[in-house]
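Trainee: Starting from these lines, generate the structure:
(2 chains)
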Amino acid sequence: MSKRFVAAYCVLVLVVAAAPLVLGQGALRFGTECMLVLSMAQMWNLLAGYAGLVSLGHQVFVGIGAYGLFLTSNSLGLSPYWVLPLAPLVCAVVAFVIALPLFRLREAYFAIAMWVFSEIVAALVTKSSWLGGTSGLPLTTSNLIDFDWFEPVMFWIAGALALASIGGLFLMMRSSFGLGLMSVRDNDLAAMSVGVDVQRNRFIVFLLSAAGCGLAGAVSFLGNLYVLPSAGFDVNWVVYMMFIVIIGGIGTLEGPVIGTVIFFSLREIITDQFDLTAGWYLVALGTAAVVVMLWSPRGLWPPLRDRFGWQLLGVSRKAPNLGKLPDEAGQPG
Amino acid sequence: MDWIETLVNGALLGGLYGLLGIGLALVFGVMRVVNIAHGEFMVLAAYLGVMLVSLFPHVQPLLVLIPVILAAFAVGYVFQATIVNRVIRAPDPLAPLLLTFGVSIVLRNLMVVVFGADVRSLQLGALSRSGVNLFGIRIGVMPLLTLFVAVVLFLLLQWALNHTTFGRVVRATADRSDIVRLFGVKPERVYNYVMGLSLALGAIAGVLLAARSSFTPFSGVERLLIAFEVVVLGGLGSFWGALLGGIMLGMAQLAGLKWDPNAGLLYAHLLFFVMLLIRPAGLVANRA
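Mentor: Residues are numbered from 1 along each chain as shown, chains lettered A, B, ... in the order given. Model (predicted):
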């Protein structure tokens, strides 16, 4: 691993650690939201961009993570910070179970079947009285939270999550596991012929992606101290993840970062500067995504990278220099 | 007797659901694209229908179907020609899926902005209330008419695909879009007509569904999911399978609603998921 990467990463860690000392409460909340959405987008990117599984139902993990946190914290009477690790665990278990039927399906079938699953879970949660039904769940253990430190702690958790997702994915893609994933994405037949276990790789990635989304969702709703089924299982979660990844560049680690910056700038410009409703904002975002898909199907980052030769989180490898191949040299001219 | 009435009505609703699915199945069968925006286009057709009915209050409401169908065909043609055709040759099979998902978000939110989020429905006057008694079961005239329309359309479509030049060209393009070029057929143009036809079928279903129950700009999601479930349950390429799948879903939904009044589409979705579990071989086989 390059020294430059380690140095840049350490600087980012310091920036996140020090930010609450400088920023006001509003800016901290905004930063927290940005980093959580970035983490979710990276998780969707991991699944779609590296394992080739597009999920249109990833909001289900956001909701399950949030409900998992609220339920365990409320019933055990423990501080939500302590039970936070349970949220991704619950999501991973759910992902494990539904992977059995869903992994028989490919491409669009998998995408929409995930969506149907999300609708089923949302409907069941809305109907069950012990989960609060349509009126949702409050966090009854909020008296265990020190509210002087609430915003900074949330910011730190979100920052840790965002940095861990980027750093973790970077390391993963440089490992043999990541190499296997990318080889399947680029040519699954060739990958299988050299012994890459496609289904196993996809399964692991699906679990990781679900767990990461669940954790980000749990932290997001912990910030509100309240979860509603219509908000937790909102289809817009997956819309945000997908648009960020598509606009920035699917299958790259830098793409979602760029996508998140564009996503939130667009939101602030449209809702703040022009004072338009959220509907217009989604129209603009969707139009931007459609235009990018038509004009630059790989997203904005890869053309920029190729044009200027930038390498931030490059995970590509150079082919070993074999010299001139014998049959090439021996060919008559 | 109550339950029989529910199941009969579910079957009648299922005819409509079959119609929802057939447009989606047609596009998938010919160009291997799942049009995620299909539901939004149906809702758009319903809005157009409601607008026309309020503009011309003295005309029989069902006659709005004619301009709505023509408009939907034109929209489909242009949608395919300007947007979908540009990604149809992409090396990534998921490109059209993501693209049409983006279009669906734009359409849905445009409808929210333009028409508001209020609940609307298409008023058909006396027709929606009239019913007939059959062996002691009361059946609405509208649902009967809807099932009749669905069956007629299914027969027409099957006949057109099997016995007309257009149908032969469409089937040939679906099989080998590279070879049909040798016979002077432009696959892209065939796709334009197929998308127009698909959205026209969707528009019929959208208007009839709007007359049956209310809708909002967000209704496109459930319409798409139902259409998709119909296609998967019925099996691709089989029109009668789609009708059968629709009938199963319609029965599941109405039986579920009778047992549990605020269930919505939960039981239809559950039926789909159970079928996914117990008949995966059929599903996989249908993909080919």
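Trainee: Could I get the pLDDT score of A:Glu33?
Mentor: pLDDT recorded at A:Glu33 is 91.
Trainee: Check A:Met242 too.
Mentor: With respect to pLDDT, A:Met242 scores 91.
Trainee: List the residues that contact it.
Mentor: Counting by Cβ atoms under 8 Å, 6 or more residues apart in numbering or on different chains, A:Met242 touches A:Trp44, A:Ala48, A:Leu56, A:Ala289, B:Leu98, B:Phe101. The way it works is simple: take the backbone N, C-alpha and C, and place the C-beta from them, glycine included.
Trainee: Run a quick check on the second one versus A:Thr252, I expect a contact.
Mentor: No. At 11.8 Å, A:Ala48 and A:Thr252 do not qualify as touching, with contact defined as Cβ atoms under 8 Å.
Trainee: In the stretch 201-333 of chain A, mark out all the strands, start to finish.
Mentor: Here the stretch 201-333 of chain A has its strands, by DSSP state E, counting those that start in this stretch, at A:226-227.
Trainee: what residues does it put near chain B?
Mentor: A:235, A:239, A:242-243, A:246, A:277, A:279-280, A:282-283, A:285-287, A:289-290, A:293-294, A:297 (Cβ under 8 Å from any Cβ of the partner chain).
Trainee: again, only using 6 Å
Mentor: A:Val239, A:Gly279, A:Trp280, A:Leu282, A:Val283, A:Gly286, A:Thr287, A:Ala289, A:Val290, A:Met293, A:Leu294 (Cβ under 6 Å from any Cβ of the partner chain).
Trainee: Output the below-cut-off pLDDT ranges for the chain.
Mentor: Unless you meant another one, I'm taking chain A. Applying pLDDT under 70 to chain A picks out residues A:1, A:312-333.
Trainee: Please refer instead to chain B.
Mentor: Using pLDDT under 70, the flagged stretches of chain B are B:1, B:128, B:235-238, B:279-288.
Trainee: which stretches of chain B form helices?
Mentor: In chain B, the segments counted as helices under DSSP state H are B:2-31, B:38-55, B:65-82, B:95-115, B:141-163, B:165-175, B:187-212, B:220-234, B:239-259, B:266-278, B:280-287.
Trainee: now those helices in CSV, with mean neighbour count and distance to chain A?
Mentor: Shown next, in CSV, are the helices of chain B (neighbours: other Cβ atoms under 10 Å in any protein chain shown; distance: least, Cβ to the nearest Cβ, whole Å):
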stretch, mean neighbour count, distance to chain A
helix B:2-31, 23, 8
helix B:38-55, 23, 11
helix B:65-82, 18, 9
helix B:95-115, 22, 4
helix B:141-163, 16, 22
helix B:165-175, 16, 16
helix B:187-212, 24, 15
helix B:220-234, 26, 5
helix B:239-259, 22, 10
helix B:266-278, 19, 4
helix B:280-287, 14, 5
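Trainee: how far is stretch B:170-182 from where the chain is centred?
Mentor: 25 Å (Cα atoms, centre = their mean, to the nearest Å).
Trainee: for stretch A:137-146, same thing?
Mentor: On Cα atoms, centre = their mean, the centre of stretch A:137-146 falls 26 Å from the chain's centre.
Trainee: What residues sit buried inside that stretch?
Mentor: For stretch A:137-146, the neighbour count (16 or more other Cβ atoms under 10 Å in any protein chain shown) marks A:Leu137, A:Leu139, A:Thr141, A:Ser142, A:Ile145 as buried.
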